[in-house]
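In: Could you look at this predicted model? Sequence included:
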Amino acid sequence: MTAVIPLLCFVLGIVSTWLFLMTYDNKLFQVFGHAYSVGKADGYQLGFADKKLSDFSFSQSEAHCMFLYADKGKLFGTQRKK
């Protein structure tokens, strides 16, 4: 009896999910497609609104690159000391 209840809940969950997806499949696809396009457009606007690469001087760009790759190896003599 104790194994019947979880199995019944599992089967009921599968059936209800299948019925929900068959009923609203196209509508959900349209909603998620629209949400993705709005989020992508907002992300591009926010990402490019702050700064461009040409806004930084050479020394600032070089310092930023050295910071990002400081522990990656022998780039600019910045190999991590052990």
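Out: Arrived safely, thanks for sending.

In: contacts, neighbours, all on C-alpha from now
Out: Noted.

In: At which residues are the helices of the chain located?
Out: 4-49, 58-68 (DSSP state H).

In: mind listing what's buried in the shortest one?
Out: Judged by neighbour count (16 or more other C-alpha atoms under 10 Å), helix 58-68 contains these buried residues: Met66.

In: now for it, which elements pack on it?
Out: Contacting helix 58-68 under the criterion 3 or more C-alpha pairs under 8 Å, 6 or more residues apart in numbering; DSSP states H and E is no other helix or strand.

In: how far does that helix sit from the chain's center?
Out: From the chain centre to the centre of helix 58-68 is a distance of 26 Å (C-alpha atoms, centre = their mean, to the nearest Å).

In: what's the average pLDDT for it?
Out: In this model, helix 58-68 has a mean pLDDT of 78.

In: With the longest one instead?
Out: With pLDDT averaged residue by residue, helix 4-49 scores 88.

In: That one packs against which elements?
Out: Packed next to helix 4-49, using 3+ C-alpha pairs under 8 Å, 6+ apart, is no helix or strand.

In: What is the distance between it and the centre of its chain?
Out: Going by C-alpha atoms, centre = their mean, where helix 4-49 is centred and where its chain is centred differ by 16 Å.
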